[in-house]
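In: Compute the structure for the input listed below.
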Amino acid sequence: KNLNNLNRYNSRHDIATIGFTAHDKTTPNGFYNWTFYGGYINGTSKNSELDSDENGGFIGILNKLQTHNFIINSTINTGFLKTDVNYTSISDNHTNIWFGAMANIAYNLQLDDTFSLYPVITAGYTWIKNETQNSTYSDDLQNQTFGFFEVTPNINAVKHIGNNWYGTLGVKYVMLSNTDKNITIND
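Out: Presented below is the predicted three-dimensional model:
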């Protein structure tokens, strides 16, 4: 069934993140460091028929490695998002739990002392478990556990203007591939 004629949503999502970064560790050809981070998610989506509130949190670890002209950033994280939904005469709530891993690899093409181009490729996978806690539908409607892959090629341009001011421009193309496209009703 195609979904159309839906009213526009007014959405607001706030994400607060805090992290702790270690000092850079020098290697023979560059450096690396670790960052531990966590955060809180709070959001709402509303229109004349639907009212949705979301609350959750996440934790993760990030590693940055720079060697010669290559820069490799990688992260793993996990979290949850609890959603309470009221839709006209019915309501439901569910919790999404996720685990993700992602890395991006960039190469620094330094064109002069103040201008660099960075071709970048980003790849990652996210696994999501969805649980309906209070189904009020006429049939039991359960979302399946699913995952998706992301591959994103992009290029960034960075120009040093002066006095620690930089101008940046980036272009990217995001490709997502879902591993499961099914919804099951009554098993």
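In: so where is the protein shaky, pLDDT-wise?
Out: For the chain, applying pLDDT under 70 flags the ranges 1-7, 131-144, 179-187.
In: Go again with 50.
Out: For the chain, the stretches flagged by pLDDT under 50 are 1, 134, 138.
In: can you give me the strands in it?
Out: In the chain, the strands defined using DSSP state E lie at 10-21, 25-27, 30-46, 50-67, 70-87, 90-107, 109-112, 115-132, 141-143, 146-162, 165-172, 175-178, 183-185.
In: List the buried residues of the fourth one.
Out: Meaning strand 50-67. Neighbour-count burial for strand 50-67 flags 52, 54, 56-58, 60, 62, 64-66 (criterion: 16 or more other Cβ atoms under 10 Å). For every residue, glycine as well, the C-beta is placed using N, CA and C.
In: which other residues reach stretch 109-128?
Out: With Cβ atoms under 8 Å, 6 or more residues apart in numbering as the test, stretch 109-128 has contacts from 69, 71, 96-108, 145-161, 172.
In: Any quick PyMOL command for the buried ones out of those residues?
Out: This is the PyMOL syntax for the buried subset of those, where burial follows 16+ other Cβ under 10 Å:
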select buried, resi 71+96+97+98+100+102+104+106+147+152+154+158
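In: neighbours of Val171, just the number please.
Out: Taking other Cβ atoms under 10 Å as the criterion, the count of residues near Val171 is 9.
In: Now do the closest residue to Gly79 other than its chain neighbours against Thr145, distance only.
Out: With Cβ to Cβ, 6 or more residues apart in numbering as the measure, Phe58 is the residue that lies nearest to Gly79, at 2.9 Å, once sequence neighbours are left out. Separation of Phe58 from Thr145 (Cβ to Cβ, to the nearest Å): 18 Å.
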